[in-house]
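> got a predicted model here, sequence first, then my questions.
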Amino acid sequence: MTSAEADAPAVLRTEAITKVYRTGAVAVQALRGVSLALAEGDLVVLLGASGSGKSTLLNILGGLDRPTEGQVWFREQNLTTLSDSELTLYRRAHVGFVFQFYNLVPSLTARENVALVTEIATAPMRPEEALDRVGLGARLNHFPAELSGGEQQRVAIARAIAKRPGLLLCDEPTGALDSATGITVLEALVEVNRDLGAATVLITHNAAIQAIADRVITMADGRIAGDSRNAVPLRPAQVSW
Ligand SMILES: Nc1ncnc2c1ncn2[C@@H]1O[C@H](COP(=O)(O)OP(=O)(O)OP(=O)(O)O)[C@@H](O)[C@H]1O
Ligand SMILES: [Mg+2]
């Protein structure tokens, strides 16, 4: 364990989680025993081949799904024992999600899309502040169709961070973007990770992106196959792909 890991408390811990998906007679073992502690504020890049269990793990960390076996703790709270409605409250209070496709409401402006979340959060930032943090302070009243793909993804990031989540979970956030646009989206993610201190997990197929991480976790066949730290993470603009 490095000194950074020893110093920072874990925001999230899993112990020996497994996940089996059953469809009729077919069982798919997506996770085969994952034990992991995420430090507060860490930026983690999660790599691994298609089907290795990355999204399954992320969905369990975020309370979108439950493990078949094993335990998950957010700070002192054991998520595995929560009812469905308690798990929804956990997500609403503590987890920001960013997916490959932005899932914005087309009939609402950027500000209104972010306000959907801030209206039900406990101590949110104003939608204007969240959009300002991702460089869209001048596009508050624009509809998704009036924004580029990268700008729409930054609205989705503003929506995810406006509740000041302890955890920011991103599944292929640059998967639909060209590399220059992807860099602007990663810059926005890194900045909110550093400024707000949300532990951030970023799934990507693009191995070059691992250079921006504090910690790089690689999955293979439902298990953690690699786990290392970058002494000096690069800025997204320093990464080329
Ligand atoms: N809802 C589901 N029902 C049945 N099997 C599933 C389901 N979701 C995922 N799987 C299976 O679980 C395994 C892990 O899937 P997962 O989506 O976690 O992989 P991944 O690493 O995110 O892959 P990718 O890089 O392609 O997104 C795969 O074999 C997949 O087919
Ligand atoms: Mg996936």
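Received, thanks. Numbering: from 1, shown residues only. Ligands and ions are numbered 1, 2, ... in the order given.
> tell me which parts of the chain are close to ligand 1?
Proximity of the chain to ligand 1, by Cβ under 6 Å from any ligand atom, involves residues 21, 23, 28, 30, 48, 50-56. The way it works is simple: take the backbone N, C-alpha and C, and place the C-beta from them, glycine included.
> write the PyMOL selection for whichever of those residues are buried.
Burial among those is assessed by 16 or more other Cβ atoms under 10 Å; the matching PyMOL selection reads:
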select buried, resi 30+48+52+53+54+55+56
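> quick one: least confident of the residues of the chain next to ligand 1?
Among the residues of the chain next to ligand 1, residue 23 has the lowest pLDDT, at 92.
> buried ones in the longest helix seen in the chain?
For the chain, the helix reaching the highest residue count under DSSP state H is reported as helix 179-196. Buried residues in helix 179-196, counted by 16+ other Cβ under 10 Å: 181-193, 196.
> and which of the residues you listed is nearest to ligand 1?
Relative to ligand 1, the closest of those is residue 182; by Cβ to the nearest ligand atom it sits at 16.4 Å.
> residue contacts, the residue nearest the centre of the chain?
The centre of the chain sits closest to residue 169, judged by Cα atoms, centre = their mean, with a distance of 1.1 Å. Contacts for residue 169 (Cβ atoms under 8 Å, 6 or more residues apart in numbering) come out as 58, 61-62, 95-98, 200-201.
> the nearest residue to it once chain neighbours are set aside: how many residues sit nearby?
Spatial nearest neighbour of residue 169, chain neighbours left out: residue 62 (4.8 Å); criterion: Cβ to Cβ, 6 or more residues apart in numbering. Other residues lying near residue 62 total 24 when counted by other Cβ atoms under 10 Å.
> can you report phi and psi for residue 62?
Dihedral angles of residue 62 (phi, psi; degrees, to the nearest 10) stand at phi -90, psi 0.
> kindly report the same for the one 10 residues further on.
According to degrees, to the nearest 10, the main-chain angles of residue 72 amount to phi -130, psi 130.
> so what pLDDT did it get?
On the pLDDT scale, residue 72 is placed at 98.
> that one and residue 79 touch, don't they?
Yes - using Cβ atoms under 8 Å, residue 72 is in contact with residue 79, at 4.4 Å.
> could you say which helix or strand contains residue 45?
If you go by DSSP states H and E, residue 45 is part of strand 43-48.
> using CSV, write out every CA atom in that strand.
Extracted as CSV, the C-alpha positions of strand 43-48 are listed here (Å, rounded to 0.1, in the frame of the first residue of the first chain):
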residue,chain,number,x,y,z
LEU,A,43,-9.4,9.5,-9.6
VAL,A,44,-9.5,5.9,-10.7
VAL,A,45,-9.4,4.7,-14.3
LEU,A,46,-11.0,1.2,-14.8
LEU,A,47,-9.7,-0.7,-17.8
GLY,A,48,-10.4,-4.2,-19.1
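> quick check: buried residues in whichever strand or helix holds residue 35?
Per DSSP H and E: residue 35 is located in strand 26-39. Judged by neighbour count using 16+ other Cβ under 10 Å, the buried positions of strand 26-39 are 30-31, 34, 36-39.
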